[in-house]
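1. from the sequence below, what's the structure:
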Amino acid sequence: MPAFTVDRSIEINAPASKVRDTVADFNTWPSWSPWLLMEPGATVTYHGKPGELGHGYDWEGQKVGAGGMVLTALDANRMESDLTFLKPWKSKADIAFDFESIAENKTRVKWHMDSSLPFFMFFMVNKMKAFIGSDYDRGLRMLKDQLELGSIASKTKVEGVVDVPEMLYAGKTHQSSMDDIAGSMEAAFPEVYNAAQSAGAQISGQPFSLYNKMDMVKQSCTYTAAIPVDSALDMGSGVSVLQRPACKALKVVHVGAYRHLGNAWSTGMSDMKHLKLKMDKDNPPFEIYLNDPDSVAEADLITEVYMPVRA
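-> The predicted structure follows:
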């Protein structure tokens, strides 16, 4: 069986005991689990007493499959669990959380998995590690918000397949690691906006990002920072005016902080699989930013995610 290990960590401004008690209570998981949020209607049942060995939960849904988790060990610094997947295929995993107190009210949390894939999926090991690692990152960010802020600024709604009209835009393409993409975009959009204004172009819509290439294994992406314009003027500064073609796309709306946008993408990909939709590889996916992060609270930021599908 092809074995693999995944590790992710984050620092949370809360005492280690509080973080441990939250994670060891599976009743809290629906609020920050990177999987349960993709299907709020999934059936979740709990057993045992939170914080005691044998405590656990089982889940079953059309998108998230079926399985269960049981607490097997717990002390001040570590929690261990057995994870069993029943659908879409049977497998097991050993799960652990380490809670390291690095200051009076600061904890470094490490989420660890040891697992394996069915032998016929040996070629998926690196991709599986990347996708689970991305899920762990999403979950840890939500856990951090829940403990530090008392809530998580992330709500996702799938609106189904829609017709997207063509769009003339000014854009510039950049390469970035997933970790640095927020900073990269903060610099990229003003550059495109200034080039369009200098050329005398009229801004005709909300800014958006085209994701030309995403490499989950290498955690890197090539994206185009784009702003709709009314005419194909010479922009200079490496900024081009191009046409985004009309397409059909699965539309997902995310309300909340940009750091949680991965929730919308993961939910959309889950729905694509559930609905048996195929990505249109000729049209890159994109996200449109409907309001300004400088003028609204992050909990009110609205982002539309579009995943082009084959007609």
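2. ok, residue 127 touching residue 216?
-> Yes. Applying C-beta atoms under 8 Å, one finds residue 127 in contact with residue 216, separated by 6.6 Å. Where you see a C-beta, it was placed from the backbone N, CA and C, and this is true even at glycine.
3. those two: which has the busier surroundings?
-> Relative neighbour count places residue 216 above the other of residue 127 and residue 216, with 15 against 12, counting by other C-beta atoms under 10 Å.
4. any idea how far the more buried one lies from residue 246?
-> Residue 216 sits at a distance of 28 Å from residue 246 (criterion: C-beta to C-beta, to the nearest Å).
5. and if you look at residue 308?
-> Here residue 308 is placed at a distance of 10 Å from residue 246 (C-beta to C-beta).
6. hey, what's in contact with both of these two?
-> By C-beta atoms under 8 Å, 6 or more residues apart in numbering, residue 308 and residue 246 have these common neighbours: residue 164.
7. comparing these two, which residue is more hemmed in?
-> residue 308 (22 against 12).
8. next, the more buried one: secondary structure please.
-> At residue 308 the chain is in strand, as set by DSSP: H, G, I helix; E, B strand; the rest coil.
9. equivalent analysis for residue 259, please.
-> helix.
10. so it touches residue 141, yeah?
-> Yes. Under the criterion of C-beta under 8 Å, residue 259 makes contact with residue 141 at 5.8 Å.
11. between the two, which has more neighbouring residues?
-> Neighbours per residue (other C-beta under 10 Å) separate residue 259 from residue 141, with residue 141 holding more: 20 against 17.
12. show me the shaky parts of the stretch 1-150 of the chain.
-> 1, 117-124 (pLDDT under 70).
13. name the element residue 139 belongs to?
-> Assigned by DSSP states H and E, residue 139 falls within helix 125-149.
14. could you check the angle helix 125-149 makes with the helix or strand that that helix is followed by?
-> As assigned by DSSP H and E, the chain's next helix or strand after helix 125-149 is strand 154-164. Taking axes from the mean of the first three to the mean of the last three C-alpha atoms, to 10 degrees, one finds that strand 154-164 is oriented at 130 degrees with respect to helix 125-149.
15. any idea of the mean pLDDT for strand 154-164?
-> The average of the pLDDT scores along strand 154-164 is 97.
16. other SSEs contacting it?
-> Secondary-structure packing of strand 154-164 (3 or more C-beta pairs under 8 Å, 6 or more residues apart in numbering; DSSP states H and E): strand 247-256, helix 261-274, strand 302-309.
17. between those, which one is nearest to residue 201?
-> When those are compared by C-beta to C-beta, strand 302-309 sits nearest residue 201, at 22.7 Å.
18. so how far is that closest one from its chain's centroid?
-> 13 Å (C-alpha atoms, centre = their mean, to the nearest Å).
19. in that strand, which residues are buried?
-> Neighbour counts using 16 or more other C-beta atoms under 10 Å place 303, 304, 305, 306, 307, 308, 309 of strand 302-309 among the buried residues.
20. equivalent analysis for stretch 20-31, please.
-> 20, 21, 22, 23, 24, 26, 28, 29.
21. residue 224: which of these is nearest?
-> Out of the buried residues of stretch 20-31, the member with the shortest distance to residue 224 (by C-beta to C-beta) is residue 29, at 36.7 Å.
22. show me the domain layout of the protein.
-> 3-151, 159-309 (automatic domain parsing).
23. which residue is the nearest non-sequential neighbour of the residue lying farthest from the centre of the chain?
-> Most distant from the centre of the chain: residue 200, at 36.9 Å, with distances by C-alpha atoms, centre = their mean. Spatial nearest neighbour of residue 200, chain neighbours left out: residue 233 (6.5 Å); criterion: C-beta to C-beta, 6 or more residues apart in numbering.
24. and the one you found, its phi and psi?
-> phi -90, psi 160 (degrees, to the nearest 10).
25. tell me the span between the first and last residue of stretch 115-127.
-> This stretch, stretch 115-127, spans 14 Å end to end (C-alpha to C-alpha, to the nearest Å).
26. from here on, call the first residue 16.
-> Let's use 16 as the start, then, which means that last one is stretch 130-142.
27. if we can go back for a sec, so which of the buried residues of stretch 35-46 comes closest to residue 70?
-> residue 41 (6.4 Å).
28. for that closest one, which non-adjacent residue is spatially closest?
-> Residue 41 sits nearest to residue 72 (C-beta to C-beta, 6+ apart), 4.3 Å away.
29. just the element for residue 88, please.
-> Going by DSSP H and E, residue 88 is in strand 80-89.
30. for the next helix or strand after that strand, which residues meet the burial criterion?
-> Next in sequence after strand 80-89, counting helices and strands by DSSP H and E, comes strand 93-102. For strand 93-102, the neighbour count (16+ other C-beta under 10 Å) marks 94, 95, 96, 98 as buried.
31. and the angle for the next helix or strand after strand 93-102 with strand 93-102?
-> Helices and strands here follow DSSP H and E; after strand 93-102, the next one along the chain is strand 106-118. Strand 106-118 and strand 93-102 meet at an angle of 150 degrees, taking the same axes, to 10 degrees as the criterion.
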